[in-house]
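# fold the following, please.
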Amino acid sequence: MAELRKKVTVQVPATSANCGPGFDCLGLACTLYNTFTYELVPEAEGVQVRTEGQGNASLPQGRNNLAAQSFYTLWEKLQQPATGLKIACRIQVPVSRGLGSSSTAIVAGLTAANALAGDPLSKEELVTEAARIEGHPDNVAPAILGGLTVNVMEKGKVESLKLALAKPLKLVVLVPALPLPTSKARAALPEKVPHKDAVYNVSRAALLVGSLMSGDYHFLTTALEDRLHQPYRLPLIPGAEEALAAARQAGAYNGIISGAGSTLLAYVPADGDAVKIGEAMRKPFAKRHMDTALHFLEIDPEGAKVIG
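Okay, the predicted model is just below:
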């Protein structure tokens, strides 16, 4: 029997949850990545976390780091021997901006623990483990599986359907210099919504999935509309409503709040002028003297993977 490895490097994509009308059930993976290297060390050395990149000063150290917590959750469940851990994190996904930064840490820890234990769990089983930690599957599922996923929690198990897009699609991602914790974004939502708003969203979520699978992307202008969360969250992001309108006027199919925000994401034709759309989205924030960062991305087809 081959000796198990002691060190592994995992790459995990950013994710955009909700995808407009798919509140807490749709998510997609983007071509922006965090990278985590895990090394098993003697237990007496404890947990050492080194972080570089986005928001590194604000991230917890030691075993309190989510990348370490998730690793030990699965490592101990798999009844592996007690161990210390060195983790090196390279963070490119903005923190507290609605791009699944916390999910990258959860997924990295689970993927690394699984790899170092000899890969006893499938990706589908890792999705359920990750959702138990995160509380919902719409970020962790695409982070693990890649692509666009439709996700349902049923009796403690996640059922995730990965969809293959019919043709390429560009993503223009605008990240304002405005942290928006998920707790604050969720607090803005009402406890109940009108029945007509629920019907509005169900019809558009169905149209969104059908549009992406068929390649009839002209339907995205209608399909990306939402009444369950975006109307309540847009006031938390000054300039966002203008920016989304500007994206449509500049040639995007439509734009959405990514996850809980504050990031905005525009769905753009493969031959669209992504730079023009990004600059149009920037102007409402510049008018308010708010810095922004632009990323020109695509949908990541693979999800988390071991790269070393």
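
# can you give me the strands in the protein?
7-17, 26-41, 47-53, 84-91, 148-154, 157-163, 170-176, 254-257, 264-268, 292-298, 305-306 (DSSP state E).

# a markdown table please, covering those and showing distance to residue 279.
Every residue, glycine included, has its C-beta placed from N, CA and C. Shown next, in a markdown table, are the strands of the chain (distance: least, Cβ to Cβ, whole Å):
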| stretch | distance to residue 279 |
| --- | --- |
| strand 7-17 | 21 |
| strand 26-41 | 19 |
| strand 47-53 | 25 |
| strand 84-91 | 26 |
| strand 148-154 | 27 |
| strand 157-163 | 31 |
| strand 170-176 | 10 |
| strand 254-257 | 14 |
| strand 264-268 | 12 |
| strand 292-298 | 8 |
| strand 305-306 | 33 |
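
# wait, which of those strands is closest to residue 111?
The closest approach between residue 111 and any of those, judged by Cβ to Cβ, belongs to strand 7-17 at 4.8 Å.

# note down every partner strand of the closest one and its orientation.
strand 26-41 (antiparallel), strand 305-306 (antiparallel) (DSSP bridges).

# now the angle between strand 264-268 and the first one, please.
Computed by axes from the mean of the first three to the mean of the last three Cα atoms, to 10 degrees, the angle separating strand 26-41 from strand 264-268 equals 120 degrees.

# buried residues, strand 26-41. List them.
Of the residues in strand 26-41, 26-30, 32-40 count as buried by neighbour count, 16 or more other Cβ atoms under 10 Å.

# in the chain, mark out all the helices, start to finish.
66-77, 101-116, 123-134, 140-145, 182-187, 195-214, 220-223, 230-233, 240-249, 274-287 (DSSP state H).

# least confident secondary structure element in this structure?
helix 182-187 (a mean of 88; mean pLDDT, DSSP states H and E).

# out of the strands of the chain, which is the most enclosed?
For the strands of the chain, average neighbour numbers computed from mean count of other Cβ atoms under 10 Å are highest in strand 264-268, which has a mean of 28.

# tell me the angle it makes with helix 240-249.
Using the same axes, to 10 degrees: strand 264-268 against helix 240-249 is 10 degrees.

# strand 264-268: how far from the chain's middle?
14 Å (Cα atoms, centre = their mean, to the nearest Å).

# which regions of the stretch 1-150 of the chain sit below the pLDDT cut-off?
1-3, 55-59 (pLDDT under 70).

# for the residue nearest to residue 248 when sequence neighbours are not counted, give its distance to residue 261.
Distances taken as Cβ to Cβ, 6 or more residues apart in numbering place residue 254 nearest to residue 248, at 6.0 Å, with adjacent residues excluded. Noted for residue 254: a distance of 16 Å to residue 261, by Cβ to Cβ, to the nearest Å.

# Throw the strands paired with strand 7-17 into JSON lines and include distance to residue 128, thanks.
Listed next are these as JSON lines, based on distance: least, Cβ to Cβ, whole Å:
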{"stretch": "strand 26-41", "distance to residue 128": "15"}
{"stretch": "strand 305-306", "distance to residue 128": "19"}
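
# what's the closest of those to residue 184?
strand 26-41 (20.2 Å).

# okay, the angle between that closest one and strand 84-91?
Put simply, strand 26-41 runs at 140 degrees to strand 84-91, going by the same axes, to 10 degrees.

# nearest to residue 211, of the strands of the chain?
Closest among these, once you apply Cβ to Cβ, is strand 264-268, at 9.9 Å.

# for the closest one, the averaged confidence score.
For strand 264-268, mean pLDDT rounds to 98.

# give the other helices and strands that it contacts.
Packing partners of strand 264-268 (3 or more Cβ pairs under 8 Å, 6 or more residues apart in numbering; DSSP states H and E): strand 170-176, helix 240-249, strand 254-257, helix 274-287.

# okay if I get these as JSON lines plus distance to residue 110 and mean pLDDT?
Output for these, formatted as JSON lines (distance: least, Cβ to Cβ, whole Å; pLDDT from 0 to 100):
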{"stretch": "strand 170-176", "distance to residue 110": "25", "mean pLDDT": "97"}
{"stretch": "helix 240-249", "distance to residue 110": "33", "mean pLDDT": "98"}
{"stretch": "strand 254-257", "distance to residue 110": "27", "mean pLDDT": "98"}
{"stretch": "helix 274-287", "distance to residue 110": "33", "mean pLDDT": "98"}
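
# now render the ones you listed as JSON lines, adding distance to residue 126.
Output for those, formatted as JSON lines (distance: least, Cβ to Cβ, whole Å):
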{"stretch": "strand 170-176", "distance to residue 126": "25"}
{"stretch": "helix 240-249", "distance to residue 126": "33"}
{"stretch": "strand 254-257", "distance to residue 126": "27"}
{"stretch": "helix 274-287", "distance to residue 126": "32"}
